[in-house]
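> sequence-free structure coming up:
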């Protein structure tokens, strides 16, 4: 039988240089009450201390990066530093941590980061006039072969514009000319304009989509062929417009499984074929050895990340 021996103060077991003391000092000088939703009712069983739970969550993420809620519960049961943060409170379950994050918190983690920095900068008199910037590219959690190139979409869209012009000439000559109607050609065709042409063509020629034929042994009429061809071009224009809109003005590519990721070259090319990979550009600004600002952008060039970072 082992005799239970525990000191009355947990602090005696924690090393004096452990970061939990610095963490508590900083968090105790920040007003954490404004991060929680105000609730006027006081019924039901006693609630857990939300500020202690928030301290535990932040400390777990500070030490382990992305930490699961079940892992945080396990740390609260076995790690004396987390017992020190709970300060005598019963070990909460992972469900309690999840409810706090989803239902109780109001501000984002960026605001907490800004408040922590404000306290540190004021206490240590950090020089914010001199900033050292460094960055790196980190691979996104996206599939590798899901790229969409904006230049390719624009090039293929121009080819569709040329095909639509040829199709409009054929429609005017073979069908609409006999009905006294003529469609107007343009250099650039908008999606709304092609949709309007489809509607007018359908109403003028009296087409009924339920009577369309397909498959072997059926001969399509010239009106059905032209209508279906124009409808196919319309769907391709919608697809190209969607891709170009996601890329925006400052990007040339994006991933289908992660629209915010951009394909760029990384320092570690594990594929060995100089392949572009979906990634983000991470930039950090350091003032007196403190991280003052950290920013993540989907731009491959550091110059495009510099202005928003500053």
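Looks like it came in fine. Bear in mind the structure is a predicted one, so any value in this text is a computation, not a measurement. Residues are numbered from 1 along each chain as shown.
> Assumed residue 31 was part of a strand.
No: with the criterion set as DSSP: H, G, I helix; E, B strand; the rest coil, the secondary structure at residue 31 is coil rather than a strand.
> And for residue 122, the neighbour number?
Burial measure for residue 122: 10 neighbouring residues, criterion other Cβ atoms under 10 Å. (Each C-beta comes from the backbone N, C-alpha and C, glycine too.)
> roughly how far apart are it and residue 171?
The gap separating residue 122 from residue 171 is 72 Å, by Cβ to Cβ, to the nearest Å.
> Let's verify the residue nearest the centre of the chain: helix, strand, or coil?
Central residue check for the chain by Cα atoms, centre = their mean: the C-alpha nearest the mean position is that of residue 260, 5.5 Å away. Classification of residue 260 using three-state DSSP returns coil.
> Spit out the contact partners of the residue nearest to it when sequence neighbours are not counted.
If the residues on either side of it in the chain are set aside, residue 260 comes closest to residue 298, at 5.3 Å by Cβ to Cβ, 6 or more residues apart in numbering. Under the criterion of Cβ atoms under 8 Å, 6 or more residues apart in numbering, the neighbours of residue 298 are 251, 254, 260-262, 280-281.
> Quick one: these as TSV, columns for distance to residue 146 too.
Rendered in TSV, the data for the contacts of residue 298 read as follows (distance: Cβ to Cβ, whole Å):
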residue	distance to residue 146
251	15
254	9
260	13
261	9
262	12
280	15
281	19
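> Take the residues you listed and write them to CSV, including pLDDT and distance to residue 182.
Shown next, in CSV, are those (pLDDT from 0 to 100; distance: Cβ to Cβ, whole Å):
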residue, pLDDT, distance to residue 182
251, 88, 40
254, 93, 40
260, 92, 45
261, 93, 47
262, 93, 45
280, 94, 51
281, 94, 51
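> of all those residues, which comes closest to residue 156?
Comparing these against residue 156 with Cβ to Cβ places residue 254 closest, at 16.1 Å.
> now for whichever helix or strand the closest one is part of, which elements pack on it?
Residue 254 belongs to strand 253-255 when elements are defined using DSSP states H and E. Applying 3 or more Cβ pairs under 8 Å, 6 or more residues apart in numbering; DSSP states H and E, one finds that strand 253-255 makes contact with strand 147-149, helix 222-247, strand 262-264.
> you'd agree the residue nearest to the centre of the chain is up against residue 254?
Yes: with contacts defined as Cβ atoms under 8 Å, residue 260 counts as touching residue 254 at a distance of 7.5 Å.
> Whichever helix or strand residue 27 is part of: which residues count as buried?
For residue 27, the host element (DSSP H and E) is helix 19-28. Applying a neighbour-count criterion of 16 or more other Cβ atoms under 10 Å, one finds 20, 23-24, 26-27 buried in helix 19-28.
> Identify all contacting residues around it.
14, 55, 58-59, 62-63, 81, 84-85, 116, 119-120.
> Swap in 10 Å and give it another go.
Outside helix 19-28, the residues that touch it by Cβ atoms under 10 Å, 6 or more residues apart in numbering are 11, 14-15, 51, 54-55, 58-59, 62-63, 79-82, 84-85, 87, 112, 115-117, 119-120, 123.
> now swap in stretch 84-97 and tell me
Counting by Cβ under 10 Å, 6+ apart, the neighbours of stretch 84-97 from elsewhere in the structure are 9-11, 13-14, 18, 20-21, 23-24, 27, 47-50, 52-60, 68-79, 82-83, 99-100.
> Recalculate using a threshold of 8 Å.
By Cβ under 8 Å, 6+ apart, the residues outside stretch 84-97 that reach it are 10-11, 14, 20, 24, 48-49, 52-53, 55-57, 59, 68-70, 72-73, 76-77.
> ok, now stretch 182-201?
160-161, 164-165, 168-169, 171-172, 176, 181, 207, 226-227, 230-231, 233-234, 237-238, 241.
> shouldn't residue 101 be in contact with residue 57?
Yes: applying Cβ under 8 Å as the test, residue 101 and residue 57 come out as touching, 7.2 Å apart.
> which of those two has more neighbours?
Here residue 101 and residue 57 are set side by side on neighbour count (other Cβ under 10 Å), and the busier one is residue 57, at 19 against 13.
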